[in-house]
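J.: Prediction below, plus the sequence it came from.
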Amino acid sequence: MMEQRGLLEPSLAYPTHETQHHHLQPPLIGPIGISGGVFSGNAIPIIHQGSGNIHNAAHHYHSHNMTEGMKSLHKSIAPGAFHNALERQDPPKCHASTREAVIRDIMRWVEELEKERNFMWVHGPAGAGKSAILQTIAELCHAAGLLGASFFFSRTAGGRMDADRLVATLVSQLCISIPEMRSHVELSLEQDPLVLSRSVEAQLESLLFSPFSRAACDPLTAGLFRSRPRLIILDGLDECGQPKTQRHLLTLLSGGALKLPVPLIFLIASRPEQQIRNAFISPPLVSTTSLLALDDSYLPDKDIEIFLRSKFEEIRQTHPLLSTSWPSAADISRLIAKSSGQFIYASTVIKYMDSPRHWPDERLEIIFKVRPAGKESPFAELDALYNHIFSCVENLEKVLEVLGSLLVWDVDGYCEYSKGQTTPRRVEKMLCLRHGDITTLFGDLSSIVYIPTVETANIPDQEIRILHASLGDFLLDESRSGQFHIRKGQAEACLALYSLRHIEEFFRIDPQFRSLSNVEEVHCQLISYDFLLSRCIQAEHTESLFKQLHGLDFSAFLDVFQADPKMDMHFRPITFANRILVLRCLPNYLKWLQGFQFRSQLDLYSLHLKSWEHHIKNTLLRLSGCMWPIGTNLITSLTLNSFNEESVKAIISDSTTLDEVRTYYDLLPGYAHTMLGISHEASRTMVAKYLCDPLRSGELCIDNGKYSMLSECFVRYVFRMDSGRDPQERQNGYFAAVLLETSYSSDMPIQNLYWSDEIENAYRYALQHLPFLLKKSRDSCEFADFLAKHPLPPDLGDSPAYPDRARVIDAIDAYITCCSSTVMAAQPMKTNVRKRRARRS
């Protein structure tokens, strides 16, 4: 249990050279000096022992001294992840004399010689100052010789948004702070030159845990080793890839740390996301982690007051004409009250006032003239600040257009090529802006929107970032933003219009994209294809969008999907993901077209519907033409009440040889992605209506003959499942192909896999739909005779596990009876039906 939190005593607030922690640094080797601090080119900083002198020793790492393994390790790091990296110049950190209670609790844990818990998790909401705290801790520990390595994650910085470069970055720093590790790391790199291309788990074991353990157990270096810094700081874990990745990384670190002869200690900060929280409250971390929540118990209002008073003093120094009594104590109290315990409000206010082109006192008066906060509204004061900031924007209309586009850029998570593409240049290209317009437009919004500078614009993944999540809520809620309100439907229509403009331009110049000059143009076109339908279905029905759609060659738009799938990925006109997205959006798009209230609305709807029918007809004809009758049966199954692709494929190709199954699907390179689009419920319903209308679908129309073909497949599948088959026959069919393709052991008996969940699902699926298929099938004496001569097991209708069995028996009896009235052999069939019913009773 932590002691009562309060302000640090002066002697403990910030370690100095006189108050360093000598109990952690035995006098055997003298003080540790860390040279450099940033990897730049070949100038990698190293540690010098004994003298305490700090100087650049890059010559130790010049190419003639570095092994090939260390060179490869050097190339795999993320230099921007260091606590003192050039990329992170002027990072957020705790203002002097603030956060002292938090810092004291963390430093006390760092300095403990015998720790019961080797992990500490610092957690709090966005804007609580987690990164600032860990940055300060890193600098303190670096100065005291306690920092082994650090990694500051960022979802917007290349190399820092996932764990790909994490291990190399940590190990590179540990080779400096723990020199005894380096030879063992070099040995691991020599033994496996490709280790850096392996999984994070493999890298951690080969490059971190194993070399660390060998160095700790080496009798020649063990004494020195135990005096080395072993603290690893990881900030922003919630920005490392996906939630599953974050939890997996914690599992790997905790599992590896438990096996070490000398402990590593980990200081980790993140938002309290569910996956991360679950990892820390579950074994093994629950028993090895100290939890530190950034809550009101740390008296944040006191820290905010210190921060504000200090910053106002700095502003007065840069504006010497201001009164020394500005601002008043009452003004500061008001700002503290508005901050609600979060530094984000206070820092936003300071950024807004700290402008060399404006009088700070006038800006502060403007802030205080905003409407008072409502008692129940936590956003009222921040909304008022946003209102004033936007009131000073010159080209407001264009700024709101860009912000609206950013807010709906990938709101559905569908668009493969729209993710991570909000760099200034790509946004400018998509919105038909001049190069450099983004920087100019957002010059007065730097306190709430991050725009990469000219120096960082060429760094990968330097995207435009809305710095406060509450800004989107503010802009999309008219009751809060008023004249600055962004209508979501209007923003969707805006992106759809720009998408149409790009698509039509490429249709005019190069419909196959073969003369595009660079990847940027290809990305713009791919984003346009992603956006067109997915944005339209959520857009307002504006007149400009209606006119633009009326001029679109919708048939040409859909025909692009027939492009060669073997084309180079960067210059392929349409990807499979685009195809799936468009096919899934089409039903809602056509429904959305009917919402236009213009005279020619029906003409536009009919025109685009006919284009879709032409496209879907060509797609299905190609499917049905491959290896009849499998393709035809697959198309027929689209008209069933529910569609399960895996079950249908298992049923219709159950008696097909393995080679035939492989041949069939090899003939359809885009088949799987087309089916993923068509089999989506809304799309499948639309396709089913088309297939059941002979006037629209023609030769593709599903008649009773095609239902009969599919019925036979379903009936024979059920009979084989009930009566069993020869084990050799089980090596054929769709699931046999799936088992082989997914690398099941060839030594595993196929019988053990026969009643898998997939086959069980297919069996139930067949029972569920057989009554409908038999009712739709044409009368066939041959099929009826087969059903009469092959009765299902007597207890078929009695199993509670299969409630559809009784319905199947009744459907079979009804089919035989119906056929018996039209064939000469009616009496024998009726006799068989009576016998079957007698057995059941």
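T.: Arrived safely.

J.: in stretch 777-787, what's buried?
T.: Neighbour-count burial for stretch 777-787, counted by 16 or more other CB atoms under 10 Å, picks out 777, 780, 783-785, 787. To be clear about C-beta, it is placed using only N, CA and C from the backbone, and glycine gets the same treatment.

J.: Which of these sits closest to His550?
T.: Relative to His550, the closest of those is Ser777; by CB to CB it sits at 44.5 Å.

J.: what about the lengthiest helix in the chain, distance to the chain center?
T.: When the chain is parsed with DSSP state H, its longest helix is helix 601-624. With CA atoms, centre = their mean, to the nearest Å as the basis, helix 601-624 stands 33 Å off its chain's centre.

J.: rewinding a little: out of the buried residues of stretch 777-787, list just those in helices.
T.: Counting by DSSP H, those contribute 783-785, 787 to helices.

J.: Using the three-state scheme, assign the closest residue in space to Val167 that isn't next to it in sequence.
T.: Nearest residue to Val167, sequence neighbours excluded (CB to CB, 6 or more residues apart in numbering): Gln203, at 3.9 Å. With DSSP: H, G, I helix; E, B strand; the rest coil as the basis, Gln203 sits in helix.

J.: Report the rounded mean pLDDT for the longest helix of the chain.
T.: For helix 601-624, mean pLDDT rounds to 84.

J.: name the helices or strands packed onto it?
T.: Packed against helix 601-624 by the contact rule (3 or more CB pairs under 8 Å, 6 or more residues apart in numbering; DSSP states H and E) you find helix 543-550, helix 554-559, helix 576-593, helix 630-637, helix 671-678, helix 681-691, helix 694-697.

J.: Tell me how far the spatially most central residue of the chain lies from Met70.
T.: What sits nearest the mean C-alpha location of the chain, by CA atoms, centre = their mean, is Gln242, with 5.7 Å. Distance from Gln242 to Met70, counting by CB to CB, to the nearest Å: 31 Å.

J.: before we move on, what about Val200?
T.: Distance from Val200 to Met70, by CB to CB: 20 Å.

J.: again, but for Ala216
T.: From Ala216 to Met70 the distance is 21 Å (CB to CB).

J.: how about the helices in the stretch 101-250 of the chain?
T.: 130-143, 166-177, 182-191, 200-203, 210-217, 222-225, 243-258 (DSSP state H, counting those that start in this stretch).

J.: Ignore what I typed, I meant the stretch 251-400 of the chain.
T.: Under DSSP H, counting those that start in this stretch, the stretch 251-400 of the chain gives helices at 274-280, 300-318, 329-339, 343-353, 360-368, 380-391, 396-407.

J.: To Gly443, which of the ones you listed lies closest?
T.: helix 396-407 (10.1 Å).

J.: next SSE after the closest one?
T.: helix 424-430 (DSSP states H and E).

J.: model confidence over that next one, on average?
T.: 88.

J.: got the contact list for it?
T.: 402, 405-406, 433-439, 451-452, 457, 464, 495, 498, 502, 520-521, 523-524, 527-528 (CB atoms under 8 Å, 6 or more residues apart in numbering).

J.: which intervals of the stretch 351-500 of the chain have sub-threshold pLDDT?
T.: For the stretch 351-500 of the chain, the stretches flagged by pLDDT under 70 are 369-381, 385, 410-420, 446-447, 453-461, 467-470.

J.: hmm, try it at 50
T.: For the stretch 351-500 of the chain, applying pLDDT under 50 flags the ranges 371-379, 411-419.

J.: Over to the chain?
T.: 1-63, 371-379, 411-419, 563-573, 668-670, 726-755, 796-798, 824-826.

J.: hang on, the earlier thing: surely the residue nearest to Val167 is in contact with Val195?
T.: Yes - using CB atoms under 8 Å, Gln203 makes contact with Val195 at a distance of 6.2 Å.

J.: Mind checking which of those two has more residues around it?
T.: Gln203 (26 against 22; other CB atoms under 10 Å).

J.: Could you tell me which residues make contact with that one?
T.: 167-168, 195-196.

J.: Filter those residues down to the buried ones and hand me the PyMOL line.
T.: To isolate the buried members of the contacts of Gln203 in PyMOL, using 16+ other CB under 10 Å:
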select buried, resi 167+168+195+196
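
J.: quick check, nearest of the contacts of Gln203 to Gly341?
T.: Val167 (37.0 Å).

J.: Pick the most buried one from the helices and strands packed on helix 601-624.
T.: helix 630-637 (a mean of 23; mean count of other CB atoms under 10 Å).

J.: Let me know the angle separating that one from helix 681-691.
T.: 110 degrees (axes from the mean of the first three to the mean of the last three CA atoms, to 10 degrees).

J.: in whichever helix or strand comes after helix 630-637, what counts as buried?
T.: Next helix or strand after helix 630-637 toward the C-terminus (DSSP H and E): helix 645-652. Buried residues in helix 645-652, counted by 16+ other CB under 10 Å: 647-652.
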